[in-house]
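Chemist: Build me a model from this:
(one chain, ligands or ions: 3)
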Amino acid sequence: MNQISDTDTESFDWSAEYADRRTRLIESMGENDVAVIAAAPEKNRNNDVTYPYRAASDFRYLTGFIEPKAIAIIAPGHAEGEFQLFCRPRHPEQETWVGRRFGIDGARAALGADNAFDIAEFRDRLPGLLDGRAAVHLALGDESGIDRRVLTTLTGMRSQGRGRVPPARIERLDIALHAMRRTKSAAEIACMRRAADISAAAHIAAMQCVRPGMAEYELAATIHHGFEAAGAHWAYPTIVGAGANGCVLHYIENADVINAGNLVLIDAGAEYAGYAGDITRTFPASGCFNTAQRRLYDVVLAANKAALAAAQPGEPANAPHQAAVAVIVDGLIELGLLTGARDDIIANQDYRAFFMHGTSHWLGMDVHDVGDYKENGEWVTLEPGMAFTVEPGLYIPPETENVPAEYLATGIRIEDDVVITDNGCEVLTADVPKEPDAIERLIANAK
Ligand code: GLY
Ligand code: MN
Ligand code: MN
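Modeler: Ligands and ions are numbered 1, 2, ... in the order given. I've put the predicted structure just below:
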């Protein structure tokens, strides 16, 4: 059923949270500007079947509304209200077939909009919303196509005049909005803790049920059961890669049999109340790491811990990656997989043969969340409320040359989710074991 987003923080005043976000957006705009924000389109899967609807993160962030076919207007000082909403009217027959709606009055009341209209009126009302405004703030090139609608309207206002004055400027809405989304509020962090807890419990359940001979998709099913039984859904397609499949970064087929000597890499995260978890753990199918696996695993674990230690307020956003790379390079030299001077290997990025992705990405409503990493050519400084992953890895596909056979067909990643605090960071995903002894105990105790 469609609903205004909520969380288990039941007493929380979500209307005030959304209003505060709109106020902050207005403060970033000119006082005579207007912002037009559209809901995501519904997507067809095949013939009569649509994908389950997921509201666009920007639209949900500013309104809390998760129905399709909706547009929000934020127009300071507008005669018909600062926050206007266009949405679908009630329709008993369609609601019988495809689900309930808030309707115009229901949405206005629930969202605290100053005014609400039938979405069918949007085209005719748009010139009046743009008239006399200095700039219109828009998502450019997003899948809603709202930029084309506004451009067409601006062209019409210029050619047909009728005393209306179109805005002189089009501004990118995402610049201010995505900078806002990069730093999470207390309410958002509460949602992210819950997404992380649900994700963590599902990973533990998967480790507890692994047995050689089962299929990768059986572990994916355990993960998804954990998510859905908690009222969540996957935030991105689940990756369960055994052995060499763990070296394919976005392996989502999950179709192979898990063999006794394999490490199993699971990268899976739940989306709860619109916020994503993103966890990777790597564990032995047999319940025990062999010596070579353990050597590689210890390098990745040390890199994960070094990156977490670098996740501090005041540090540049790339500090965790630099810390992880230093540990990975030292480990690869120690194991004889790379030769040469440490600083040269780092400068030439030779480690990318085995660790080819970044250590961190912002995390929030989108699993790869929005917000710049650099501003004016400098790395963003980490501040309390910024949330991101820490996910070093080592990947050694079977065909890798000049590597001892014992290390081949091995993919390892250890991914945690963190939020920067006043004096360090909170690891949201600490509940899932990552120490090798703890992983072995967990699997042994479940047998
Ligand atoms: N699960 C996607 C990622 O780790 O970035
Ligand atoms: Mn991940
Ligand atoms: Mn990630």
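Chemist: Rounded mean pLDDT for the helix ranked longest in the chain, please.
Modeler: Scanning the chain for the helix with the most residues, using DSSP state H, yields helix 186-209. For helix 186-209, mean pLDDT is 98.
Chemist: and it, is it in reach of ligand 3?
Modeler: No - using Cβ under 5 Å from the ion, helix 186-209 stays clear of ligand 3, with a minimum separation of 11.4 Å. Yep, even glycine has a C-beta here, placed from its N, CA and C like the rest.
Chemist: what helix or strand is the closest residue to residue 408 other than its chain neighbours on?
Modeler: Nearest-residue entry for residue 408: residue 398, 5.1 Å, with adjacent residues in sequence omitted and distances by Cβ to Cβ, 6 or more residues apart in numbering. According to DSSP states H and E, residue 398 maps onto no helix or strand at all.
Chemist: Pretty sure residue 398 sits against residue 409.
Modeler: Yes - assessed by Cβ atoms under 8 Å, residue 398 is found in contact with residue 409 at 4.5 Å.
Chemist: can you list residues touching both of these two?
Modeler: Between them, residue 398 and residue 409 share these contacting residues under Cβ atoms under 8 Å, 6 or more residues apart in numbering: residue 244.
Chemist: so where's the chain shaky on pLDDT?
Modeler: 1-11, 161 (pLDDT under 70).
Chemist: let's see 50
Modeler: For the chain, the stretches flagged by pLDDT under 50 are 1-8.
Chemist: what about the residue nearest in space to the middle of it, distance to residue 213?
Modeler: The centroid of the chain falls nearest to residue 367 when counting by Cα atoms, centre = their mean (1.5 Å). Counting by Cβ to Cβ, to the nearest Å, the gap from residue 367 to residue 213 is 31 Å.
Chemist: Next up, identify which helix or strand residue 426 is on.
Modeler: Applying DSSP H and E, one finds residue 426 within strand 425-427.
Chemist: partners of that strand, with directions?
Modeler: strand 416-420 (antiparallel) (DSSP bridges).
Chemist: got the contact list for the partner strand?
Modeler: 184, 189, 192, 196, 269, 277-279, 304, 308, 311-313, 363, 382-391, 425-430, 434.
Chemist: same thing with stretch 119-138?
Modeler: 29-30, 32-36, 69-71, 73, 75, 78, 84, 86-88, 117, 146-147, 149-150, 153-154, 156-157, 164-173.
Chemist: thinking again about what came up before, got the angle for the longest helix of the chain vs strand 416-420?
Modeler: With axes from the mean of the first three to the mean of the last three Cα atoms, to 10 degrees defining the directions, helix 186-209 sits at 160 degrees from strand 416-420.
Chemist: can you tell me if helix 186-209 touches ligand 2.
Modeler: No - using Cβ under 5 Å from the ion, helix 186-209 never reaches ligand 2; the gap is at least 9.8 Å.
Chemist: rewinding a little: in strands, which of the contacts of stretch 119-138 appear?
Modeler: Using DSSP state E, the members of those that fall within strands are 34-36, 71, 73, 84, 86-87, 117, 169-172.
Chemist: which two of those residues lie the greatest distance from each other?
Modeler: For the ones in strands among the contacts of stretch 119-138, the farthest-apart pair by Cβ to Cβ is 87 and 169; their separation is 27.8 Å.
Chemist: quick one on the thing from earlier: and residue 398 and residue 409? Which one has more around it.
Modeler: Set residue 398 next to residue 409 and count neighbours by other Cβ atoms under 10 Å: residue 409 wins out with 20 against 12.
Chemist: Could you pull up the residues touching that one?
Modeler: 243-244, 247, 396-398.
Chemist: export those to TSV and tack on distance to ligand 3?
Modeler: Below are those laid out as TSV (distance: Cβ to the ion, whole Å):
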residue	distance to ligand 3
243	21
244	21
247	16
396	20
397	20
398	25
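Chemist: Weed out the non-buried ones from these.
Modeler: Taking 16 or more other Cβ atoms under 10 Å as the criterion, what is buried in these is 243-244, 247, 396-397.
Chemist: Just these: which are in strands?
Modeler: residue 396.
Chemist: Looking at the buried ones among the contacts of residue 409, which is nearest ligand 1?
Modeler: residue 247 (14.6 Å; Cβ to the nearest ligand atom).
Chemist: OK, contacts around the closest one?
Modeler: Residues in contact with residue 247 (Cβ under 8 Å, 6+ apart) are 241, 395-397, 409-411.
Chemist: and if you look at residue 371?
Modeler: Counting by Cβ under 8 Å, 6+ apart, residue 371 has contacts 178-179, 181-182, 362, 380.
Chemist: In the residues you listed, find the pair that's most separated.
Modeler: The widest separation within these (Cβ to Cβ) is 13.1 Å, between 181 and 380.
Chemist: of the two, who's got more company?
Modeler: With neighbours defined as other Cβ under 10 Å, residue 181 and residue 380 compare such that residue 181 has more, 22 against 17.
Chemist: I'd like to know how far that one sits from residue 115.
Modeler: From residue 181 to residue 115 the distance is 26 Å (Cβ to Cβ).
Chemist: and if you look at residue 66?
Modeler: 20 Å.
Chemist: Compare neighbour counts for those two and give me the winner.
Modeler: Set residue 66 next to residue 115 and count neighbours by other Cβ under 10 Å: residue 66 wins out with 20 against 16.
Chemist: Next, the nearest residue in space to the more buried one that is not next to it in sequence: secondary structure please.
Modeler: Among residues not flanking residue 66 along the chain, residue 55 sits closest, at 4.1 Å (Cβ to Cβ, 6+ apart). When classified by DSSP: H, G, I helix; E, B strand; the rest coil, residue 55 comes out as coil.
Chemist: near ligand 2, which residues of the protein?
Modeler: 267, 278, 280, 415.
Chemist: can you give me the helices for this structure?
Modeler: Under DSSP H, the chain gives helices at 14-28, 57-63, 92-98, 103-111, 122-130, 146-160, 173-182, 186-209, 216-229, 291-309, 319-334, 342-348, 436-446.
Chemist: Name the surrounding residues that touch the last one.
Modeler: So the one you mean is helix 436-446. By Cβ under 8 Å, 6+ apart, helix 436-446 touches 204, 207-210, 281, 283-284, 287-289, 294, 297-298, 301, 433.
Chemist: out of the residues you listed, who has the most neighbours?
Modeler: That'd be residue 283 among the contacts of helix 436-446, by other Cβ under 10 Å, with 26 neighbours.
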